[in-house]
Each structure stands twice: as structure tokens, then as C-alpha cells.
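1. Would you be able to build a 3D model of this:
(2 chains)
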Amino acid sequence: MQTPQQKYNPKEVEERIQKFWVDHAIFKKSIEQRKGNKPFIFLEGPPTANGLPHPGHVLTRVMKDLILRYQTMNGHYILRKAGWDTHGLPVEIEVEKKLGLADKQAIEKYGVAKFNEECKKSVFRYEHAWVEMTQRIAFWLDMDTPYITLKNEYIESVWWSLQQAWKKKLLYRGHKVVPYCPRCGTALSTHEISQGYKVVEDPSIFVKFKIKNEEGYFLAWTTTPWTLISNVALAVHPTEPYIKIRSNGEILILSEQRAAVLLKGQEYEILDRFTGKELEHTEYEPLFTYASPEKKAWFVVLADFVTMEDGTGIVHIAPAFGEDDYTVGRAYDLPVVQLVKLDGTFPEEVTLWRGQFVKDADPNIIQYLEERGLLSGIKKHSHEYPFCWRCDSPLLYYAMESWFIAMSKVQESLVKNNNQIAWYPPHLQQGRFGDFIRDVKDWALSRDRYWGTPLPIWTCSNKKCNHAICIGSVQELRELSTDFPEKYDLHKPFVDELIIHCPKCNQQMIREKEVIDCWYDSGSAFFAQWHYPFENTDLFKENYPIDFISEALDQTRGWFYSLLAISTFLFDKNPYKTVLTLGLVLDKDNQKMSKSKKNYVDPTIILDHEGADALRWYLISANAPWMSTRFYEEAVKDTLGKFLLTYWNSYNFFTTYAILDSFDATQKIIPLSKRGLLDQWIMSRFHHLLMTVQDHMKTFETHKAARAVENFVIDDFSNWYLRRSRKRLWVEEMTPDKLSGYHTMYEIFIGLSQLIAPFIPFITEEMYQNLKTPGMPESIHLCDYPAFEKNAVNEELEKGMDQIRALVESGRALRSKINIKGRHPLPAVTVICSKEIEKSTKPLVDLIKEELNVKTVTFAQDSSRFMIKTVKPKYSHLGPKYKEKAKHITHALETQDLHQLYEQLQTKKEVVLVVNDEQIHLTSDDFDVVEHEKEQYAKASIQDITLFLDTTITPELEAEGLARELIRRIQSMRKEASLAVEDRIVTEIGLEPSTQKAMEKWKEHIKEETRSKSVLFVQTPSGMLQKKWMIDDLSVEIGIQK
RNA sequence: GGGCCCGUAGCUUAGAUCGGUUGGAGCAACCGGCUGAUAACCGGUAGGUCGAGAGUUCAAAUCUCUCCGGGCCCA
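-> The predicted model follows:
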């Protein structure tokens, strides 16, 4: 055992411990030593190393590590394979920026092979920062053999799963309406469009649609005239009222509510009135006949999304150009008329405006409608409209061809499997996630991009054959291709360049050009990390389903969903048993952190200043894991000061004295039952703590576990146990009590460090390394979790101590109240309590003596000398019994003398009140008895115990008080002279003769307490340090000499 | 626009499942004490329209509804 540093230096300690772990391969050993034990299966949600880690990532990694270390110490075998998510649009965008490529055409021109090569490099651009962060916060993760979604093996597994979907007829080609940039020729993801919204002023027009075979028009409203060319239906709200009116000689149908707004101040005659439902299937004449759809079109449909906020309550429907439109279109089996080319211009068949960019054609279309008398009004309308963040072109909503996985077909299985999962917090299961699952939409799988897992679908180029296949392995692909090389990379463009022959007609096949959604990649991790089913089938089977995953709340519909979706259609099984959803990390003001807002806190700064343990402890203890947590340095600093330093200083205190006394933890171990009550008490508290922590960890209430530990360390251990143990450690010789204290402290430090090693792995390791004895595991992280022992718990002792502490507390408050300082000894306290309580507290009365600085403590049962009894009405009783009268009864009782009521209840057994001329009979059941002290006594009381202080100060006690004053001042001088605890001094004290006489008796005591070789009373004290002091009215000069 | 979560003292929070006497703690503040016990300790003081409003009830931080604010997800 060595004396630790006085000041805790987190950075120094953590770097040293880190090195120790690496040098001794502790992480590896922690896994291997559990081999053969019951596994705890974990799956790492792969981050993308394409950006720097964020405080939110720190939280997820800390929480994962906490749970995994906890489960490891509880004996489980845990593989901790790291993973990297490597595909996707963000990577492409980074590379586009770097290479200065403006759009997809530029990428094609640059060369897909070279482009993807750059993507591959870019993916690990910040890997170093991730690895460093992961190590610094001590997230033990096997980063040497991670799964990586860009690897051929991983892609092959993903292909296999897609082939399963294909075989189950779940893969199909359909349409998806997406925001599309006609200039860049690309669809934009939602996060891309969210940065490009602008408020613009567009023409909004009121268009008349002639009702078929009937006089009159439907009046519809639109801000995108160019979509009218592709109109196929009009939508009304099913339950809102609509009216047919005559206005300016025209017959129009529109929403009643909107008519009131739009035609305000105008005269119109109401001809008829109906609900939207009644209009369903009414046909109208198309505005344009450029399209001749195969399916039935141009009639009224019903849709809930029709709003009464603006427009006419009648919405024109063009399924190719709006998501809502598309959905309604599917419901009514409407044709998808798409009279806009991919470059944003009208095609040949739109003869009037062919070649014009659709937005530019708006004025021409408006003019044309006006000329035909189909326009009833034009207004300017300002609204938010998305623009391309890259080129600033207005985006068009556009129905793009896309491949889908028919999740709607397995909806019931999804719900069933979701119900097997233990969600933390539970509300997500049926709430956000459950709602999503119940209303599941087909998964739009394909992306018309470059850097991703290629869609393994090939279609025969022979239009007559049109045979399509889904490849499920490299082997299959090799067999079908004529030119399959030795070395290959399954990305684009390799797969597109392979020459594949149709198994049916032997013509060449062409791959569908898209790549897949990268959420599918990460959602495949549970099997693809093992390259299942091509290898490791047993590893896969052993590790599925997964016991535990944990990510932040934003993954609910991301990774948590994609895992469940894939696992459901592949195996019809829930992929994970437990999911811990973490809250988001916000800034000091509860705002989302972002670099642009400049409220971003760099975790490395905190790691440098306060250290990983403080950071971890803060994140774990601040809040329930699923609640959002504010993150700022000051908060971590508080944690460091409040908890970690208290813990460290307690350790420092213990080791300092233990070394001084050459304490040997392996020698003369005293059984717990033979130790002092204080020792037995702290052990009992500690074992209670073990139980509490384990209970909270089971439900992931890590903040409650951490707070229980804090309370134990700060309150029970440091502020009470160690403080109360100080005296016995100061004794020179090794008394049994002192030895018993050392053993107890030692055991607590070892046990406590083990208990919180999963929370704060560095500082606990530091202590463990210093305290461990031969034969103990090499690292604290190779230890078993401390086990709760029922024998160690002594409920009665704990209760007694609670009472003692409460007594001491109120005794001190009492002293403060009656203004008699703690250093003045008082002659006596009397403790009034039952025999039973006396039995449990009597062994601990010395604590009262010392803490309250009194000479004697006596027990008595009768408090009547000191006490006065009163009653307090039981409102919980009176309320139900007297209902509305209770208020008046309460009121009446307020004016009564409560002591007299008590007396009355004792003698007459009832109290009669007159309330509103009615007699109310109350019995002792309606009251609680409350005790108060008589004011003339200095009294403190807790529950069943009362304590009375005798406040007489005798001359002897006065002298003793002075002795304490002197000791305190000599001690502070020792400190000032920077003397070591064990240094001996010569003390000279200059006092007035009369005081000096009174002090003679205390000379020995002063000598002992101040580690003085001798204490002399002299006229003028000398020494290396001399000081004049005022003690109340008394002037004293003291000199000390080493 | 829809769904979900959250809102208690300057800050961090307990209490909400199951309504019941005066809503507990810690940090910070202030006053006092103590100190070979540390960024410590002890006593006290002040600080709360429990986000707002309404409802149910003898009784609401707690149950219900509406609204406000913050956040997330989806449009």
C-alpha cells in the first residue's frame, strides 16, 4: 500500500490506468475469463466514423459500457464486437464537397469507381477520433475485429437476406413521391430538404372543374399550376359540409366554411348543401387531355388531409407530385399521370408547353386557363417551399420508381414480435414505436445513388423475356457471370459491369442501378456481422436473439425498427429482448447541441479537465437514462467535487493512517461480529447498498443506483463513519478497535470499488491496485460483483444508528438554538425512550457523548416532566367520514386548545364540537397524539425518542472548553508550520496565572492531542512559530517548536 | 399539421403507479459554528402561483380536459 497523491489528478490517473489495461490486456482477459459462462448478448449499433463524435455518442457509449461491465462482473460472457456504418448519402456529400462535384452527372463524369474509392477512404476519416474517445471514456469494445458494412462479406449477407425477401415475394417495384431536384437530377433525403426551406410567394389559383353531365363547377385551389396537367382527381373532406352556390351567374361547389371566408361581402345564393361523402365518385371533365390513362380518372375522392385552413376545401390530386396525392391514388386505384420529365420540363405530348421548365410555365398555364374561362381567381400566396441546398433550384415532388419491401404484409408479425421486447422506457413499446408498427408502410429500399450496398436484382435485357433474378450470394453471381475475377469489390461499378446471362433466355441481364437504404445495412447487423449464413452459423445461433441493445431515442424508427423489420421477415422473431432507449444530450439551456448554434460542448475538454470518471458519473447519475440530459462542464465539475473527491479523500484518509500503522489486510482479520458497533453498522449499510444498486440496475434506473452510492459514500461513509472513526485512529498503539476499524475500512473500499467499477472504471482501478493483496485478481475489472450477504445486515443496529444520528442532529440544532457552542462541554443529556429503543441505542450512546460534547448520557422512560401532549386532527379520517362538514370541523378545531383536547380524550374518551348547530362527537380515532416540549427545557426529539440537555456550565467544564480551544489553535499552528501528522513538537503557552491554574489539569490532555513532547506554561512562549490568540475575552500566546 | 415525452426553489432533483396533515433533499446564497476533515464538516435563514387555466372531489403536484413552453419523431 502506498500513500496516494493528496490531490486527485484525473488526467494523470486515467492515463496511467489506461496504460495498465493495455499492457496487461485486461479487457481481453475480462472476456476470456468468462468463457463458458452464460452469455449476455450485446449488439453494437454501428456509428459512422464520417463525422466527429458528439456528446450524445459519449452518453450512449458510457451507458452501454456501464451495463456491459456490470453484466461481466456478474459473471456473464459478453462479446463486444464493434461495428462501423459506412454507407449512405452523408458520405457521398462529404466526398462531393471535397472533390467539388456539383451533381450526379459530375460524379458519373468523374467516374463511379474513383468516386466510391474516395467514399471508402472518407468513411474512416474520423475513426481515430472515435477510437480515442471510446478509449478515453473506457468503453471496452473490441475495435480490432469490427463488423464493417462495406465489406464484401457483409454485403453478401445482406444480399442473402434480400433474396429471402425476394423469395417470399416481399420485394417489389413501385413509386415513391420524393422531393427531387431537377437540376441535380437527384432525390433529396428529408434531412437535406429540412435545411433548404424558404418562404416564397407563389401564384395560387382558383380553378374550375366542369361537373360532368351537369351544370356547374368544382372550385379547387392550387399553388402549383404545372401539376394540373397531370390531374386525375379532386379530393374533398368526407365529413365537412359543402355547398352549391350561384355567384356572378356561375354555379360553383366548394366548402361551406371556405365560401364564408372567400366570398365574404359578396352576394351568392345557396342552391344545395351536402357533406363531402355525398360528392364521392362525382365525375368531372378533365382540364387537359394530354394523358389518356388506362385506369378510371377524373372523379371526386375522399381524403382526411383536406384542410379548411386555406383553399376551397377541394384539393386537386396529381398522384405523381405529392405524397398525399399518391396515397389517395393508391386507395382509389387512380392512374399515375406523370407529364413532367426528369429534367423538370414538359415532355413532347404536352404540346403547348413542351420543353419549358414547369415552374417557368406557370404563368402560361394560368393565362391559358383564363382564356378558356376556367379560372375564378388568382392570389399571391406565401408559403414554405423546399429548395435544393446545393444548387438552390426549387424542388419538385416527384413520384420516382423505387424498390420496396412489403412490410405491410408482415404487419401482424411485427406487432407480435414487438410485444416480446422489453422496452425501456416502457411507453415506447405501445407509444411511438407501437403506433409506427401498427401503421407500418412499405419500406422504400432503393436509393438512386452510388455509395451503398448494390441492389442485387438483375433483369433480362430481352424485353420479351424480362426475367428478373435476385442474387443471394457471391457464388451465385460467379456462376451466372462469364468474367468474374479473383479479386472483386461488390460495390458499384463492379457489379454493374459484370456480364450476366439470363438463365432463361441466355441474353445479357442488367442490374437495377440503385443501391439500398443504409438503414437496411445496419439493421442486418445481427446476422451480417457473422457473415451468416455463409460462415459462423453456430456463432449466429448462439448470439440471436440479442439480449441487449441501447441507442438514443432518435433510433426508434431508425435502427430499432430496421432490426425488427429484417428479423421479422427473415425469421419471424424479435431480434432483441431488451432495448434501452437513451434520452438526448442537450446544452445548458436545454437546447439541442449543434455546431452552428455554437452551444456545442467538446467532450475532450471535459475529459482533460474533470476526467472520464467524472463525466461518466455525471451522465449516469444526472437523470434517468431515457430522459434528456443537460451537458456542460460546470455540471461535471460539481460531480467531481461532490462525489469523486469525497470518495478519493476518504481513501486518502484511510491509506494515510493505515500506512502509518503498517496495517496489513491479510493479518489478524477480525470477524464482523467481534468488531465495534460502528463497524458493524457501516457494513450493514454497505450490504443494503449492494441490494439497492442491484435492484435499480435490473430496471436500468442507473441514476437511482448512482444516487444511492453517492448517499452512502458522502453521508454514511465519509460524513459519519469516517468522522466517527477518527479518534480511534489517532491512538498511538494498535488497539483491537482500531484494527477492527482498519479491516472494516479496507473491506468497504474493496467492496465499494468493485460495486462502482462499472460506473467509474479508472478511479476504482487506481484504488484497487493500491489496496489489493496477493491472490486477488489482477484488475478490479476481473473481479466478481460484490455479493449481498444477509448476515451482514443488522436492521436493529441501523435503526438504532438512525435514531442516534437524528438525536445528534437535533441535539446540535438545540445547542445552536440555545446558543451554547459545541466546544463547551455540558454535564448531561437525558434520553427518554422505551426500553426497546434504549436497548438498540444504548450501545451507541458514546457517539452522542462525543458529538454533543456532554459528560453523561442517561436513559429514562418517562417524559412527563419535560413533555406536554397535544392532539392533531386526522384529516384523512375526518374527510371521508364528514365529507363537506370536514372543512368546518377543521375550522372549529383550530380555535381549540389542543393539549386540553388531549386531556379530554384521555378522561372522557370523546370531544364534542358544535358545528353549524350540530353536535359532532370525535373520538381518539380521529386524532393523532403529538408531543411537544415544555418551553423551559432544552429539548430535541425525533419520533419515539426525546432528548433533554442539561445546560449548566460549571467551572470544570469551562476549563475543559478552554483546553479544547487551546488544542484547536495549536493544531492550526501545526498545520500552518506544515508539520507532518506524526511530527512531535514542544509547546509553550502563555496564560494568566488564574487560568493557568485551571489548565494544569488539562496539560496531559493537550500534550497528547497535539502530539507534543511537552507542554509548558510560560510567561513569554518561544518557538519556530509564535502566535497571539483571543479566545472570547482571554488573550493567549502560543509558541510551538519541532 | 399529427403523435410521443418532459415542465416542481437560481440550478440538479424526490414525491405522480395508488389524491390525504405543513411538497422533501442536495448545490449555490446568506448568518453562525467547527476544523490535523477534503473542493470537507455542523446548525440555522431565505428561496415554491408544483408551467397556466378549468374541471372532478370534503380534499389535487398527483386524476381529467384545454392551453403555453421545451424536445424528439413523422408529415
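2. and the nearest residue to residue A:744 once chain neighbours are set aside, how many residues sit next to it?
-> The shortest distance from residue A:744 to any non-neighbouring residue, by C-beta to C-beta, 6 or more residues apart in numbering, is to residue A:679 (4.0 Å). All C-beta spots, glycine's among them, are computed from the backbone N, C-alpha and C. The tally of other residues near residue A:679 (other C-beta atoms under 10 Å) stands at 23.
3. Quick check: pLDDT value at residue A:679.
-> As predicted, residue A:679 sits at a pLDDT of 91.
4. can you tell me which residues contact it?
-> Listed by C-beta atoms under 8 Å, 6 or more residues apart in numbering, the contact set of residue A:679 reads A:672, A:740-741, A:743-744.
5. So whatever residue of chain A ends up closest to RNA strand B versus residue A:767, what's the distance?
-> Relative to RNA strand B, the nearest point of chain A is residue A:723 (1.8 Å; C-beta to the nearest atom of the strand). Using C-beta to C-beta, to the nearest Å, residue A:723 is found at 20 Å from residue A:767.
6. just residue A:806 next, same as before
-> 32 Å.
7. Give me the more crowded residue out of those two.
-> Neighbour comparison, residue A:806 and residue A:767: the larger count goes to residue A:767, with 24 against 16 (by other C-beta under 10 Å).
8. does residue A:87 really touch residue A:520, like I thought?
-> No: using C-beta atoms under 8 Å, residue A:87 makes no contact with residue A:520, being 9.4 Å away.
9. out of those two, which sits in the busier spot?
-> residue A:87 (28 against 25).
10. now the more buried one, what's its secondary structure?
-> Three-state assignment for residue A:87 (DSSP: H, G, I helix; E, B strand; the rest coil): coil.
11. And it, what's its pLDDT?
-> pLDDT for residue A:87: 91.
12. Quick one: name the residues of the stretch 301-450 of chain A near RNA strand B.
-> A:323-324, A:427-428, A:431-432, A:435-436 (C-beta under 7 Å from any atom of the strand).
13. The contacts of residue A:679: which two are farthest apart?
-> Greatest spatial distance in these: A:672 and A:741, 12.5 Å, computed using C-beta to C-beta.
14. neighbour count winner among those two?
-> In this view residue A:672 and residue A:741 are compared by other C-beta under 10 Å, and residue A:741 has more residues nearby, 28 against 18.
15. What about the closest residue to that one other than its chain neighbours, how many residues nearby?
-> Excluding the flanking residues, the one nearest residue A:741 by C-beta to C-beta, 6+ apart is residue A:725, at 5.1 Å. Number of residues near residue A:725 (other C-beta under 10 Å) recorded here: 24.
16. same question, residue A:861
-> 10.
17. for the stretch 351-500 of chain A, what spans make up the helices?
-> A:358-371, A:411-418, A:427-430, A:432-438, A:474-480, A:494-497 (DSSP state H, counting those that start in this stretch).
18. Run the contact check for the biggest helix by length in chain A versus RNA strand B.
-> Taking DSSP state H as the criterion, chain A has its longest helix at helix A:795-818. Yes: residues of helix A:795-818 contacting RNA strand B under C-beta under 7 Å from any atom of the strand: A:809, A:812-813, A:816-817.
19. Any chance you could list what contacts the helix or strand just after that helix?
-> Toward the C-terminal end, the helix or strand that comes next after helix A:795-818 (DSSP states H and E) is strand A:826-832. Strand A:826-832 is contacted from outside by A:807, A:811, A:820, A:838, A:841, A:845, A:848, A:852-863, A:866-867, A:945-954, A:957, using C-beta under 8 Å, 6+ apart.
20. With stretch A:330-349 instead?
-> Defining contact as C-beta under 8 Å, 6+ apart, one finds that stretch A:330-349 is touched by A:175, A:182-183, A:185, A:226, A:229-233, A:290-291, A:293-297, A:301, A:317-321, A:326, A:328-329, A:350, A:353-359, A:361, A:393, A:396, A:398-399.
21. quick one: low-confidence ranges for the stretch 851-1000 of chain A?
-> A:863, A:865-868, A:894, A:930-944, A:981 (pLDDT under 70).
22. Show me which residues of it sit near RNA strand B.
-> A:872-876, A:879-880, A:883-884, A:886-887, A:928, A:964, A:967-968, A:971-972, A:974-975, A:977, A:979-981, A:983.
23. Contact partners for residue A:835?
-> Contacts of residue A:835 (C-beta under 8 Å, 6+ apart): residue A:861.
24. Just give me the neighbour total for residue A:391.
-> By other C-beta under 10 Å, 12 other residues sit near residue A:391.
25. what's the spacing between it and residue A:96?
-> Distance, residue A:391 to residue A:96, using C-beta to C-beta: 12 Å.
26. overlap in contacts of these two?
-> Counting by C-beta under 8 Å, 6+ apart, the residues touching both residue A:391 and residue A:96 are residue A:102.
27. and the longest strand along chain A, does that touch RNA strand B?
-> Determined from DSSP state E, the single longest strand within chain A is strand A:197-210. No: Strand A:197-210 stays clear of RNA strand B (C-beta under 7 Å from any atom of the strand), getting no nearer than 8.5 Å.
28. any idea where the helices of the stretch 201-350 of chain A begin and end?
-> Assigned by DSSP H, counting those that start in this stretch, the helices in the stretch 201-350 of chain A fall at A:256-262, A:276-279, A:323-331.
29. Take the ones you listed and write them to a markdown table, including mean neighbour count, distance to residue A:346 and mean pLDDT.
-> Putting those into a markdown table (neighbours: other C-beta atoms under 10 Å; distance: least, C-beta to C-beta, whole Å; pLDDT from 0 to 100) gives the following:
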| stretch | mean neighbour count | distance to residue A:346 | mean pLDDT |
| --- | --- | --- | --- |
| helix A:256-262 | 17 | 30 | 81 |
| helix A:276-279 | 18 | 31 | 88 |
| helix A:323-331 | 19 | 19 | 82 |
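30. Now distance to residue A:52 too, for these, in TSV please.
-> Formatted as TSV, the helices of the stretch 201-350 of chain A follow (distance: least, C-beta to C-beta, whole Å):
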stretch	distance to residue A:52
helix A:256-262	51
helix A:276-279	52
helix A:323-331	34
